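Peer 1: got a sequence here, can you model it:
(2 chains)
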Protein chains: 2
Amino acid sequence: MGIKMEQLRTLLGEVYDLQAINLILGWDQQVNMPPGGAEARSHHLATVNRISHQKFISDEMGAALQAAKGELETAGAEPDSNDMRIVIRMQEVYEKLRKVPSEWVAEFARMTSLAQRNWEDAREASDFAMFQPHLEQVIKFRRQYADFFAPYDHVYDPLLDYFEPGMKTAQVKAVFDELRPQQVALVRRIADSGVQIDDSILHKRYDEQKQWDFGVEVIKAFGFDFERGRQDKSVHPFTTHFSQNDVRITTRINPNFLNPALFGTMHEAGHAMYEQGIGEGIARTPVGQGASLGIHESQSRMWENLIGRGYPFWKAYYSRLQSFFPEILSDTSLDDFYRAINKVEPTLIRVEADEATYNLHIMLRVELELALIEGTLAVGDLPEAWNRKMEEYLGIRPSNDAEGVLQDVHWASGYLGYFSTYLLGNLMASMLWEKMEQDIPNMDALVEQAQFGDLLAWLRENIHQHGAKYKPAELIRRVTGKSLTAEPYVRYLTNKFSDIYSL
Amino acid sequence: MGIKMEQLRTLLGEVYDLQAINLILGWDQQVNMPPGGAEARSHHLATVNRISHQKFISDEMGAALQAAKGELETAGAEPDSNDMRIVIRMQEVYEKLRKVPSEWVAEFARMTSLAQRNWEDAREASDFAMFQPHLEQVIKFRRQYADFFAPYDHVYDPLLDYFEPGMKTAQVKAVFDELRPQQVALVRRIADSGVQIDDSILHKRYDEQKQWDFGVEVIKAFGFDFERGRQDKSVHPFTTHFSQNDVRITTRINPNFLNPALFGTMHEAGHAMYEQGIGEGIARTPVGQGASLGIHESQSRMWENLIGRGYPFWKAYYSRLQSFFPEILSDTSLDDFYRAINKVEPTLIRVEADEATYNLHIMLRVELELALIEGTLAVGDLPEAWNRKMEEYLGIRPSNDAEGVLQDVHWASGYLGYFSTYLLGNLMASMLWEKMEQDIPNMDALVEQAQFGDLLAWLRENIHQHGAKYKPAELIRRVTGKSLTAEPYVRYLTNKFSDIYSL
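Peer 2: Below is the predicted model of the structure:
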């Protein structure tokens, strides 16, 4: 490695460490921190975010990026080499971050740390009013953030770009508009099919430790490496990483409902295996992590849904699950169980939603956060707007804030612009899946034998190892040859539910 | 607060945050981190220590200290006011830290992080040879550290000062020399007493969860605040703090021996209550933590020994302990139990040692680390030197490294100079205790009723709230009116064991 590149790597390594520390502090806050720790933690986070940002946007970093680029060009480096991609991507991020004051970054970190802590209490008390002032702060900060990037096509663009580099509001709206009628039509056809699925088997008393153990067994088989990661419990399940060799997931277990831990664990493992698959050559640089939240969700939703809610998976695992819960499941057939976990039914909680209605939860949130950031919806009116939209989209109405507007941690964490990426991830997952089916013709048979090695190897090769070397749209195009499209996703959903609901 | 003091507080707050983050990373490493995380963690620690040190020794900090001092003097601030003490103590630390290069601090943090991880494996394998190269590194680094402070009276002085500000090797040696013959004589008198104590009751099968629960009950009664702290398990028990409102302890439970968790939990709670008692006015400054390790040990050893191994405590708690383990303890009287937990007997493991032999474990370690740092003992010869000294002092010889030279984490963490503070803490604890007995005449009666509020309030008032406002010697003198002396300690030990062993 050239001397200039080495100097750049040292600077980037320091920034990466600080970013990792930020994530460690966040993990600890959600998994371990006693209540009294909240205020000090908000200071810790402010300090580390301030310094991390200052280091990233320093003139020294700018010069090091320039110098390394010159050195690489002189040496005739490949445009797709790790070093060249690191320089190019980091220059883009550098230019972006320089528009944001470090003091804003620090204050935002401090404020959202407290907001997130408050959200836990508000959710527990099911009281949006408690949380309202914090959310108002979040909206105010996020508007300021957008304004650092003015002029923009849409005030939501910079927020979206924060999570999904290169994505535009107009593009998200177009995808949503393309998808919405098809999604609604599918849900209607299912409702009109007359087929009734009984999923009461999922709502029995499932021992918590056994739920945990089964989930661990499954994700170990998937390929989650516990030598380089761990699982804990938290109020809201999440994945975080402190390097490619220390990737942590959380789950939450409902003793009266099998789905949350079962599919939540698979989902988070999907995120985690992505981070565990980052290539050595980009490790300890800010490129050495997932390319975007959309790509991330393509991984988590793939393991959760395309694999975990699929028939081949349960051909492999249902008898194993029965052996964990014989007193509950021994009289239920594989086919009945498969239908139960795929029952389409409007529900209040996003993370428990079936695949057919899931995107409606996302559209609701994205439309609401667009209205909040545009200023056409006041935070105080949010719960009522939420409930109205739930009735409109799903025909059901939350009876309290905990099962309504307070159910997700994202806004408390300051994540406006995040929700779109779940939907984008669903679309990307199906695009990748169709390509995988071409490359691994016996994929179903492998899954039926609980053989996930080839699948994971494909993902490692095509997605994971690259980290953030490419922007999401470029990465998807490199792998599938296509731009983002909803077609494979609609095909997948229609096939799956046509079968289950005899459409 | 004046504007200059406020500016100083901002800078100190940032340094405090970074120091807290360093401790969070260390806690996570020992409590949660998967094996794969070790290398990245060593980078995280290096980065945060480098930046923390750079910030502390910056010219900006020097100027801010000067300016704040000037402002306080102009305003006629009290010499003992928080602000004035913060300035004075921080100027001392500033001058000290400026002698050390930030790059050394970073490398030392990285190296000891890996050494500590390695020590866990080496201890598990009971193989000193695995650990030897890491310890050689530690010694090398610690010699370098001492040399930053040359000229010194003794190469060990700067190391000692690191943990016990103001303490000199000569003073430690003098105290040790004063104490050694008395300690040895006491142990001999006990051995010669002919009194045989049966402590087999402590070596039964004690349910781990119940051990945990009893310990928690006790330290809650002591005053450990679980809203502002938590307890976990780790290979080596320790206490750490991320603010006065987030103080964490760990314990380790031996299912076949009651003492380690029982007294270890009390010990760590003693450390933790000290940190939880830091005054608001010095919080989020580097003064807002324990004054030294010696003072810290005076707290932990007081709760563990002067209270926790005392007769009044067990008058209050023995029947409660019996109710946790009726099948084991119902036939053992309070007096027999009290004698069992105070049985004097040479043992291999320091943290399990009785009060009469404990200091011999310390002397052994301090003498060995003096020889290591002076260069008169090679690291490769350490296990044999350890074992020989164990025979000489205690008449027993470890059969392997795990129960010998590898038993303590301290050297792996880079802590040379630390062990003395246990002994100093024992002496300070007895000095403080005699003063407490004057101020709280009914202390025994309170303990007998499990009433610890007045004791804790006294410690809060006289010790805890002050944090590191005063150097340890000054703090002890303010409270007791005396310089460090072994007399109260020898009095305490002699009284206690004269009674138990009918001397």
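Peer 1: quick one: secondary structure of A:A150?
Peer 2: Of the three states, A:A150 takes coil under DSSP: H, G, I helix; E, B strand; the rest coil.
Peer 1: what is the burial count for it?
Peer 2: Neighbour count of A:A150, defined by other C-beta atoms under 10 Å in any protein chain shown: 9. Where you see a C-beta, it was placed from the backbone N, CA and C, and this is true even at glycine.
Peer 1: phi and psi next, for it.
Peer 2: phi -60, psi 150 (degrees, to the nearest 10).
Peer 1: and it, how far from chain B?
Peer 2: Note on A:A150: its distance to chain B, by C-beta to the nearest C-beta, to the nearest Å, is 30 Å.
Peer 1: per-residue confidence at that residue?
Peer 2: A:A150 carries a pLDDT value of 96.
Peer 1: likewise A:M1?
Peer 2: Taking A:M1 on its own, its pLDDT is 84.
Peer 1: which ones are touching it?
Peer 2: For A:M1, the contact set (C-beta atoms under 8 Å, 6 or more residues apart in numbering or on different chains) comprises A:R9, A:D83.
Peer 1: run a quick neighbour tally on A:S292.
Peer 2: There are 25 residues near A:S292, going by other C-beta under 10 Å.
Peer 1: let me see the contact set for the residue of the stretch 251-400 of chain A found nearest chain B.
Peer 2: Closest residue of the stretch 251-400 of chain A to chain B, C-beta to the nearest C-beta: A:R284 (6.6 Å). Contact partners of A:R284, counting by C-beta under 8 Å, 6+ apart, are A:R9, A:L12, A:G13, A:Y16, A:D17, A:S243, B:A40, B:H43.
Peer 1: okay if I get those residues as JSON lines plus distance to B:Y317, pLDDT and secondary structure?
Peer 2: Formatted as JSON lines, the contacts of A:R284 follow (distance: C-beta to C-beta, whole Å; pLDDT from 0 to 100; DSSP: H, G, I helix; E, B strand; the rest coil):
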{"residue": "A:R9", "distance to B:Y317": "58", "pLDDT": "98", "secondary structure": "helix"}
{"residue": "A:L12", "distance to B:Y317": "56", "pLDDT": "98", "secondary structure": "helix"}
{"residue": "A:G13", "distance to B:Y317": "52", "pLDDT": "98", "secondary structure": "helix"}
{"residue": "A:Y16", "distance to B:Y317": "50", "pLDDT": "98", "secondary structure": "helix"}
{"residue": "A:D17", "distance to B:Y317": "46", "pLDDT": "98", "secondary structure": "helix"}
{"residue": "A:S243", "distance to B:Y317": "45", "pLDDT": "98", "secondary structure": "strand"}
{"residue": "B:A40", "distance to B:Y317": "44", "pLDDT": "98", "secondary structure": "helix"}
{"residue": "B:H43", "distance to B:Y317": "46", "pLDDT": "98", "secondary structure": "helix"}
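Peer 1: between those, which sits nearest B:H53?
Peer 2: For the contacts of A:R284, the residue nearest B:H53 by C-beta to C-beta is A:D17; the value is 14.7 Å.
Peer 1: and the gap between the closest residue to A:L202 other than its chain neighbours and A:L348?
Peer 2: Closest residue to A:L202 apart from its sequence neighbours, by C-beta to C-beta, 6 or more residues apart in numbering or on different chains: A:L258 at 4.7 Å. Noted for A:L258: a distance of 18 Å to A:L348, by C-beta to C-beta, to the nearest Å.
Peer 1: over to A:A109?
Peer 2: 31 Å.
Peer 1: so which of these two has more stuff around it?
Peer 2: Using other C-beta under 10 Å as the criterion, A:A109 and A:L348 rank with A:A109 on top: 24 against 19.
Peer 1: hmm, A:H44 and that one touching each other?
Peer 2: No. The criterion here is C-beta atoms under 8 Å, and A:A109 misses it with A:H44 at 9.1 Å.
Peer 1: before we move on, back to that, show me which of the contacts of A:R284 is closest to A:E304.
Peer 2: Looking across those and measuring by C-beta to C-beta, the closest to A:E304 is A:S243, at 24.3 Å.
Peer 1: alright, that wraps it up for me.
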